[in-house]
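S.K.: Let's see this in three dimensions:
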Amino acid sequence: KVKGDHVEGEKVENPDTGLYYDEYLRQVIDVLETDKHFREKLQTADIEEIKSGKLSRELDLVSHHVRTRLDELKRQELARLRMLIKAKMDSVQDTGIDHQALLKQFEHLNHQNPDTFEPKDLDMLIKAVSARYK
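M.R.: You can find the predicted model right below:
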């Protein structure tokens, strides 16, 4: 079916946000949109509901499959960030760097809970993106 300027089912390419976690952001959104309830809430929410974290609480209502996929995405993103930190450390050859302190600079996810994607993670991701575009 044709809707507007694109064919239904055709993936529309979004422009790069310029965020260093752009791919993670896109993957989280794609997974959340597979849940019918969350997709409906997202479509009806206004920007203030999203920024305030109200939408993040809806994460508790998504299906187990969606939560499992989000958990996996978070673990992959943390592994990517750790790899970046290691590469930075290797390039500087400074052995006194605190990994936890470095992880704290990545404000788009909760690094203290590396195994599961929780409402706090969604809230942090939304706030990080919002702060970037103020």
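S.K.: so S130 touches K51, yeah?
M.R.: Yes - counting by CB atoms under 8 Å, S130 touches K51, with 5.1 Å between them. (Each C-beta comes from the backbone N, C-alpha and C, glycine too.)
S.K.: Neighbour count for these two, which is higher?
M.R.: A direct count of neighbours by other CB atoms under 10 Å for S130 and K51 places K51 higher, at 16 against 13.
S.K.: tell me which residues of the helix or strand where that one lies are tucked away?
M.R.: When elements are assigned from DSSP states H and E, K51 belongs to helix 47-52. The neighbour-count check on helix 47-52 (16 or more other CB atoms under 10 Å) flags I50, K51 as buried.
S.K.: you'd agree V129 is up against G18?
M.R.: No - under the criterion of CB under 8 Å, V129 makes no contact with G18, lying 10.8 Å away.
S.K.: higher neighbour count, the two?
M.R.: Higher neighbour count among V129 and G18: V129, with 17 against 8, using other CB under 10 Å.
S.K.: host element of that one?
M.R.: Here V129 is assigned to helix 119-132, by DSSP H and E.
S.K.: Can you spell out which helices and strands pack onto that helix?
M.R.: In terms of contacts (3 or more CB pairs under 8 Å, 6 or more residues apart in numbering; DSSP states H and E), helix 119-132 is packed against helix 22-32, helix 47-52.
S.K.: before we move on, the earlier item: got the angle between the next helix or strand after the helix holding K51 and helix 119-132?
M.R.: Note on helix 47-52: by DSSP H and E, the next helix or strand toward the C-terminus is helix 64-92. Interaxial angle of helix 64-92 relative to helix 119-132 (axes from the mean of the first three to the mean of the last three CA atoms, to 10 degrees): 60 degrees.
S.K.: residues contacting the most centrally placed residue in the chain?
M.R.: Centroid-nearest residue in the chain, with CA atoms, centre = their mean: L25, separated by 3.8 Å. Residues near L25 by CB atoms under 8 Å, 6 or more residues apart in numbering: T17, L19, H108, L125, V129.
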